[in-house]
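Student: Dropping a prediction and its sequence here:
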Amino acid sequence: MIQTDILIIGAGPTGLFTDFEDGLLKMRCHIIDALPQAGGQCSELYPKKPIYDIPGFPEILAGDLTENLVEQGKQFEPGFTLGERADTIEKLEDGSFIVTTNKGTKHAAPIIAIAGGLGSFEPRKPDLENLDFYENKGLNYFIKDPEVYRDKRVVISGGGDSALDWSIFLTDVAKEVTLIHRRNEFRGALDSVEKVQELKNEGRIQLITPAEVTSLYGETALQKIRVTQESNSIELECDHLIPLFGLTPKLGPIANWGLEIEKNAIKVDNSLDYQTNIPGIYAIGDVNTYPGKLKLILCGFHEATLMCQSAFARIYPEKRNVLKYTTVSGINGFDGTQKQAVKSTIKSIE
Ligand SMILES: Cc1cc2nc3c(=O)[nH]c(=O)nc-3n(C[C@H](O)[C@H](O)[C@H](O)COP(=O)(O)OP(=O)(O)OC[C@H]3O[C@@H](n4cnc5c(N)ncnc54)[C@H](O)[C@@H]3O)c2cc1C
């Protein structure tokens, strides 16, 4: 059982900044995300796009913003459960909660901060017979650890950035890489398309287009696939098939947690602290709704800050929290680091 003060569901910009604000108030946090990496929409949907409305940054790439947020929160040593979806919640008699993921990992905390954005990103799956049987037996929708594919025969299907980027990356890891796409044209960055062309010319990637995977074979795990091209069809032996057809966000299991939902978002009290109808559960960032709500990163940061003050008061009702500027109080990280502005020198005048 993972035990923490604030359990954050969602490692998007809002969840990552919540970790920093928790830390300032000396509260520990742990973050769960269904994706294998932090960053939410910024890292999954548009890491290379510049954002122009983050205060203090005239322009910053979404991927760089994610890296900065992770760096900023690191001193407070957040725990991460990545690649797992928060599925169920149980309220204990003392008012605290246990959240269990789809992989059975249990997390206990007195405060839950749902920063789930548009919902957990679920992979778009191909329409194939016995798909469930082969999942995690050679068939994967995410690449969590590229080493799994070392010296294996890997087939990637898809035509976007993920399919192109992983095909390129795995040529240095896997024994064989085959990229299958139902069109001849790819929708990815031009330099990635050119790189795949180059690797194909060198014989390091096998490219099959326009084509689709139409059958999966193997007694206990995936051993072979059928690839169909117009009137032609071939069988291809492989150890792994990775369909990378994009992700769709779904509010998913959180919708069944007894929270008040309006238009696929969680209703919160925005006049105070972004608490939901269940005391101790907050919803911040894109996942919440209230009159005048704007789904913007900076709004998530603001909501996270107010939410943490309220969470502190719930956890420590006997303590008085006086707001201190970090420029004045400095920051004491849980990892032992200290940041403090240089004190001005006091000098007497003769
Ligand atoms: C193309 C594009 C461009 C954008 N440009 C801008 C811009 O210029 N400026 C701006 O301010 N905003 C922009 N946005 C919006 C911005 O990305 C969102 O407002 C922001 O990402 C919201 O952050 P969040 O942390 O609340 O949610 P998200 O970034 O959506 O992160 C939520 C995370 O929660 C996880 N999650 C959800 N449910 C579960 C669960 N049950 N278990 C585990 N994990 C779960 C998801 O996997 C996800 O990683 C843009 C959005 C897009 C799509």
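Tutor: Yes, it's here. As the structure is a prediction and not an experimental result, all values here were calculated from the model.

Student: use CA for all of it now, contacts and neighbours both
Tutor: Noted.

Student: Helices along the protein, start to end?
Tutor: All helices of the chain, identified by DSSP state H, fall at 13-24, 40-44, 62-74, 131-134, 161-170, 190-201, 297-315, 326-329.

Student: so which of those helices is the most packed in?
Tutor: Counting by mean count of other Cα atoms under 10 Å, helix 13-24 has the highest mean neighbour count of the helices of the chain, with a mean of 27.

Student: Give the buried residues for stretch 316-324.
Tutor: Neighbour counts over stretch 316-324 (16 or more other Cα atoms under 10 Å) mark no residue as buried.

Student: Give the burial count for the closest residue to residue 27 other than its chain neighbours, as a bare number.
Tutor: Excluding the flanking residues, the one nearest residue 27 by Cα to Cα, 6 or more residues apart in numbering is residue 5, at 5.9 Å. For residue 5, the neighbour count with other Cα atoms under 10 Å is 20.

Student: who's in contact with residue 5?
Tutor: Counting by Cα atoms under 8 Å, 6 or more residues apart in numbering, residue 5 touches 27, 28, 29, 109, 110, 111.

Student: Can you give me the separation between it and the ligand?
Tutor: Look at residue 5 and the ligand: by Cα to the nearest ligand atom, to the nearest Å, they are 18 Å apart.

Student: Which pLDDT does the model give that residue?
Tutor: Looking at residue 5, its pLDDT is 97.

Student: what's the spacing between it and residue 96?
Tutor: Distance, residue 5 to residue 96, using Cα to Cα, to the nearest Å: 10 Å.

Student: Of all the helices of the chain, which one is nearest residue 239?
Tutor: Comparison of these against residue 239 by Cα to Cα identifies helix 131-134 as nearest, at 11.1 Å.

Student: residues in the stretch 1-150 of the chain within reach of the ligand, list them.
Tutor: 9-15, 32-35, 40-42, 45-46, 51-53, 84-87, 115-121 (Cα under 6 Å from any ligand atom).

Student: Report the buried members of those residues.
Tutor: By neighbour count, with 16+ other Cα under 10 Å, those hold 9-15, 32-35, 40-42, 51, 84-87, 115-121 as buried.

Student: and residue 295, what does it touch?
Tutor: Contact analysis of residue 295 by Cα under 8 Å, 6+ apart lists 285, 286.

Student: any idea how far it lies from residue 19?
Tutor: Note on residue 295: its distance to residue 19, by Cα to Cα, is 20 Å.

Student: Does at least one residue of stretch 230-247 sit close to the ligand?
Tutor: No - judged by Cα under 6 Å from any ligand atom, stretch 230-247 makes no contact with the ligand; its nearest approach is 9.7 Å.

Student: who's in contact with that stretch?
Tutor: With Cα under 8 Å, 6+ apart as the test, stretch 230-247 has contacts from 121-126, 138-142, 149, 152-160, 162-163, 210-211, 222-228.

Student: Out of those, list just those in strands.
Tutor: 121-123, 153-157, 224-228 (DSSP state E).

Student: Which residues are in contact with each of residue 5 and residue 96?
Tutor: Listed as contacting both residue 5 and residue 96 by Cα under 8 Å, 6+ apart are 109, 110, 111.

Student: Now rank those by neighbours and give me the top one.
Tutor: Using other Cα under 10 Å as the neighbour criterion, residue 111 leads the shared contacts of residue 5 and residue 96 with 25 neighbours.

Student: contacting residues for it?
Tutor: Residue 111 makes contact with 5, 6, 7, 96, 97, 280, 281, 282, 311, 315, according to Cα under 8 Å, 6+ apart.

Student: before we move on, back to that, dump the ones in strands among the contacts of stretch 230-247 into JSON lines; add pLDDT as well.
Tutor: Formatted as JSON lines, the ones in strands among the contacts of stretch 230-247 follow (pLDDT from 0 to 100):
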{"residue": "121", "pLDDT": "76"}
{"residue": "122", "pLDDT": "79"}
{"residue": "123", "pLDDT": "86"}
{"residue": "153", "pLDDT": "97"}
{"residue": "154", "pLDDT": "98"}
{"residue": "155", "pLDDT": "98"}
{"residue": "156", "pLDDT": "97"}
{"residue": "157", "pLDDT": "96"}
{"residue": "224", "pLDDT": "97"}
{"residue": "225", "pLDDT": "97"}
{"residue": "226", "pLDDT": "96"}
{"residue": "227", "pLDDT": "96"}
{"residue": "228", "pLDDT": "95"}
